[in-house]
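Enquirer: Okay, structure incoming, though there's no sequence with it:
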């Protein structure tokens, strides 16, 4: 499989016959080079959203319409998008699994919030979530925006992900220290890719604290935008 960081929490994941754009915030993302947009979208089959915040879902509708592909995510947000923007969606909920081009995507819990901007303030957008994405003999845990939670124990035991894409920039999500704690207490990752960091000065700028808090043998990959990672 090939995992490509799009900056912030956005990823392009090529797995089985699917090309998943996870939380592809491109417009206004200070880390994403606007001249690489076509490269990021090429061959995409689905847009996969963890929640409704603009730094995750802001480009979802435009991408889905441009490429004639569905947006996939929690039922409430998908129903709202389908009605408001006339976009193709696949709505499901926590504990549910969908087959996206041979990749099995299971929605799991996260601890955060989820809304979209409205004229009079935030509008409820369904619950926040993470995903277990399985294919090609591996399982990726996409944490979404979350803090540590006890659910990680059973999630790790049941799904046994070997790759963790962990939001770890702090302030809005786990920071590097908390992400390291979650990884060593609950999971047996072989590879960790941090995200939701480096985007703004408010967030962590490097993964040194994460690395220092992990058991020996866990590989941390600091992604570079539009630089493919083969796993």
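Expert: Perfect, thanks for sending it. Only a predicted model underlies this, so the values are computations on that prediction, with no experimental measurement involved.
Enquirer: So which residues of this protein form helices?
Expert: 37-41, 54-57, 60-67, 75-85, 151-159, 176-186, 208-212 (DSSP state H).
Enquirer: can you tell me which of those comes nearest to residue 135?
Expert: helix 151-159 (12.7 Å; Cβ to Cβ). Heads up, the C-betas are built off the backbone N, CA and C, glycines and all.
Enquirer: re earlier: between the helices of the chain, which gets nearest to residue 3?
Expert: That would be helix 37-41 among these, by Cβ to Cβ, at 12.7 Å.
Enquirer: Return the list of helices and strands in contact with the closest one.
Expert: On a contact count with 3 or more Cβ pairs under 8 Å, 6 or more residues apart in numbering; DSSP states H and E, helix 37-41 meets helix 60-67.
Enquirer: quick one on the thing from earlier: out of the helices of the chain, nearest to residue 167?
Expert: That would be helix 176-186 among the helices of the chain, by Cβ to Cβ, at 7.6 Å.
Enquirer: Can you tell me what sits against the closest one?
Expert: Helix 176-186 is contacted from outside by 147-148, 152-153, 155-156, 164, 166-170, 174, 189, 192, 194, 197, 204, 207-215, 218, using Cβ atoms under 8 Å, 6 or more residues apart in numbering.
Enquirer: Next: stretch 54-70.
Expert: Contacts for stretch 54-70 (Cβ under 8 Å, 6+ apart): 8-10, 21, 23-29, 41, 44-47, 49-51, 71, 77, 81, 85, 87-90, 116-117, 125, 145, 199.
Enquirer: got it, and stretch 13-23?
Expert: With contact meaning Cβ under 8 Å, 6+ apart, stretch 13-23 is reached by 1-4, 6, 8-12, 40-41, 43-50, 56-57, 63, 100-103, 105, 131, 133, 135-136, 140, 142, 144.
Enquirer: are any of these buried, and which?
Expert: 1, 3-4, 6, 8-12, 40-41, 44-50, 56-57, 63, 100, 103, 105, 131, 133, 135, 140, 142, 144 (16 or more other Cβ atoms under 10 Å).
Enquirer: Please flag which of those residues sit within strands.
Expert: Among these, the members found in strands (DSSP state E) are 3-4, 6, 10-12, 46-48, 100, 103, 105, 131, 133, 135, 140, 142.
Enquirer: OK, contacts around the nearest residue to residue 32 once chain neighbours are set aside?
Expert: Nearest non-adjacent residue to residue 32, counting by Cβ to Cβ, 6 or more residues apart in numbering: residue 7, 4.3 Å away. Residues counted as contacts of residue 7 (Cβ under 8 Å, 6+ apart) are 25, 29-32, 199, 225.
Enquirer: mind redoing it with 7 Å?
Expert: Residues in contact with residue 7 (Cβ atoms under 7 Å, 6 or more residues apart in numbering) are 29, 31-32, 199, 225.
Enquirer: Which two among these are spaced furthest apart?
Expert: So for the contacts of residue 7, where distance means Cβ to Cβ, the most widely separated pair is 199 and 225, at 10.5 Å.
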